[in-house]
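Participant: missing the sequence, but the structure's below:
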């Protein structure tokens, strides 16, 4: 099987409009969660969110885009993608090659404009410029058009595990010889539809989320996008190798539409498959970027799953304490943060932690740690309906 390497990445989240800004805030332990400036929702007055610090119009101006119908989800995707392509040095011919795949993810898509959709549906007049913007794949269709993509183009929606599955699919296409390169990632913007849905589940926290804390009361929603450029060892040449896609695993807990089992069957299966895929033992993992949503069910089940899979807990954190839960974009944003940990051999603190969950009594990373030995990092993402995914990235050899 061919080796697959990350040669570039782009990130936009509540803690930065590019990878460098995100790295600075991770090192300093600065959260991006707070009051919103651009979100139109009743909950903007009562809850905190991980909002990107740019207005929709500013995102569009920065990209110098004049197309009509672009949603915030689209613009976040284009912003992260532009940085990733520049970082990797891909040429227009390489991007549009039939051997370059584009696998993206979104759960919200154009539903960040739910009210506009309602108005369009019940309007007797002509529809607005956003009439074709509501689907989950709208951002990918626009990217395919702008970049003249001719290879495999696909969009995955497995809820919160979506973009981790996009990375897996891109890596599989390369390893099987069906692609030389894959641009993989995801994008989701904040929107009323999502906020109302999570509030109906009674898992939204009014205060900043507290992953893996005994007193956690729920998650904080965020928005953002990230893309990785994956390239086969056959075509990478002298490019810088940021990290290797070492292994991956996907499973389904099949327990409940919105939670995973207390016994963490799917969590254990995903991590075990990832280790087997990478030909690694549990003790080879130096760090876990956990799913860590700060909900009662997730954090306990994930700790149970880690305890069952690993004889000793590796260092772990939840970077959702910086960005909020960015839904379909979560897996790739957190993988990008894991790439930063490997590149710089450092670990970033999990914020807002005070008291360990019992009976596990495990404390996440709570302070910045430099000069670490990180050869392999695992990222976990668990979606609604029990879709569980784990990805292992390695330090390039």
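Facilitator: Yep, it's here. Treat the numbers as computed from the prediction; the structure is a model and nothing was measured.

Participant: ok, residue 144 to residue 61 distance?
Facilitator: Per C-beta to C-beta, to the nearest Å, residue 144 is found 23 Å from residue 61. Where C-beta positions appear, they are placed from N, C-alpha and C, glycine not excepted.

Participant: Would you state the helices of the stretch 51-200 of the chain in chain order?
Facilitator: 56-63, 72-88, 92-95, 114-121, 138-146, 162-175, 192-200 (DSSP state H, counting those that start in this stretch).

Participant: So residue 306: helix, strand or coil?
Facilitator: helix (DSSP: H, G, I helix; E, B strand; the rest coil).

Participant: What's the local residue count around the residue nearest to residue 96 when sequence neighbours are not counted?
Facilitator: Excluding the flanking residues, the one nearest residue 96 by C-beta to C-beta, 6 or more residues apart in numbering is residue 148, at 4.3 Å. Around residue 148 there are 10 other residues, counting by other C-beta atoms under 10 Å.

Participant: Which residues are in contact with residue 148?
Facilitator: When the contact criterion is C-beta atoms under 8 Å, 6 or more residues apart in numbering, the partners of residue 148 are 92, 95, 96.

Participant: quick check, nearest of those to residue 75?
Facilitator: residue 95 (19.1 Å; C-beta to C-beta).

Participant: If you rank the contacts of residue 148 by neighbours, which is first?
Facilitator: Counting neighbours by other C-beta under 10 Å, the top entry in the contacts of residue 148 is residue 95, with 20 neighbours.

Participant: looking at it, that one is touching residue 86, isn't it?
Facilitator: No - with contact defined as C-beta atoms under 8 Å, residue 95 does not reach residue 86; the gap is 11.5 Å.

Participant: Specify which member of the contacts of residue 148 is nearest to residue 42.
Facilitator: Closest approach between the contacts of residue 148 and residue 42, by C-beta to C-beta: residue 95, at 41.8 Å.

Participant: so residue 384 makes contact with residue 159?
Facilitator: Yes - counting by C-beta under 8 Å, residue 384 does reach residue 159; the two are 4.0 Å apart.

Participant: For residue 68, see how far away residue 130 is.
Facilitator: Applying C-beta to C-beta, the value for residue 130 to residue 68 is 8 Å.

Participant: can you pull out the helices in the stretch 201-350 of the chain?
Facilitator: Applying DSSP H, counting those that start in this stretch to the stretch 201-350 of the chain gives helices spanning 265-278, 296-309, 320-323, 330-344.

Participant: So which of those is the most surrounded?
Facilitator: Comparing these by mean neighbour count (mean count of other C-beta atoms under 10 Å), helix 320-323 comes out on top with a mean of 29.

Participant: Just list what that helix packs against, helices and strands only.
Facilitator: Applying 3 or more C-beta pairs under 8 Å, 6 or more residues apart in numbering; DSSP states H and E, one finds that helix 320-323 makes contact with helix 330-344.

Participant: Give me the contact list for the helix or strand following the helix it packs on.
Facilitator: Moving toward the C-terminus from helix 330-344, the next helix or strand (DSSP states H and E) is strand 376-382. Outside strand 376-382, the residues that touch it by C-beta under 8 Å, 6+ apart are 160-161, 163-164, 246, 253, 260, 266-267, 270-271, 274, 278, 280, 284-291, 298, 302, 314, 330-331, 334-335, 338, 341-342, 388-395.

Participant: what are the pairing partners of whatever helix or strand comes next after strand 376-382, and which direction each?
Facilitator: From strand 376-382 onward toward the C-terminus, using DSSP H and E, the following helix or strand is strand 387-394. With DSSP bridges as the test, strand 387-394 is paired with strand 243-252 (antiparallel), strand 376-382 (antiparallel).

Participant: For residue 13, which residues are in contact?
Facilitator: Taking C-beta under 8 Å, 6+ apart, one finds 22, 32, 50, 52, 222, 223, 224, 226, 322, 323, 326, 333 in contact with residue 13.

Participant: 10 Å - rerun?
Facilitator: Applying C-beta atoms under 10 Å, 6 or more residues apart in numbering to residue 13 gives the contacts 19, 21-22, 25, 32, 50-53, 76, 80, 222-226, 319, 322-324, 326, 329-330, 333-334, 336-337.

Participant: ok, now residue 303?
Facilitator: Counting by C-beta under 10 Å, 6+ apart, residue 303 has contacts 212, 264, 267, 290, 292, 313, 316, 356-357, 359-362, 364.

Participant: How much space separates residue 188 from residue 93?
Facilitator: Residue 188 is 30 Å from residue 93, by C-beta to C-beta.

Participant: Among those two, which residue is more densely surrounded?
Facilitator: residue 188 (34 against 9).

Participant: From residue 222, how far off is that one?
Facilitator: 9 Å.

Participant: and for the two, which residues touch both?
Facilitator: With C-beta under 10 Å, 6+ apart, residue 188 and residue 222 have common neighbours 325, 326, 327, 329, 330, 333.

Participant: Export those as CSV, with columns for distance to residue 44.
Facilitator: CSV is the format used below for the shared contacts of residue 188 and residue 222 (distance: C-beta to C-beta, whole Å):
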residue, distance to residue 44
325, 17
326, 17
327, 18
329, 20
330, 21
333, 22
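
Participant: Among those residues, which one lies nearest to residue 347?
Facilitator: Distances from residue 347 to the shared contacts of residue 188 and residue 222, taken by C-beta to C-beta, are shortest for residue 333, at 16.8 Å.

Participant: so that closest one makes contact with residue 326?
Facilitator: Yes - between residue 333 and residue 326 there is a contact under C-beta atoms under 10 Å: 5.8 Å.

Participant: Now the common contact residues for these two.
Facilitator: 13, 14, 163, 186, 187, 188, 222, 224, 225, 226, 320.

Participant: Run through the stretch 201-350 of the chain and note the low-pLDDT ranges.
Facilitator: Nowhere does the stretch 201-350 of the chain drop to pLDDT under 70.

Participant: Chain neighbours aside, what residue packs nearest to residue 142?
Facilitator: Using C-beta to C-beta, 6+ apart, the closest residue to residue 142 is residue 74 (5.7 Å).
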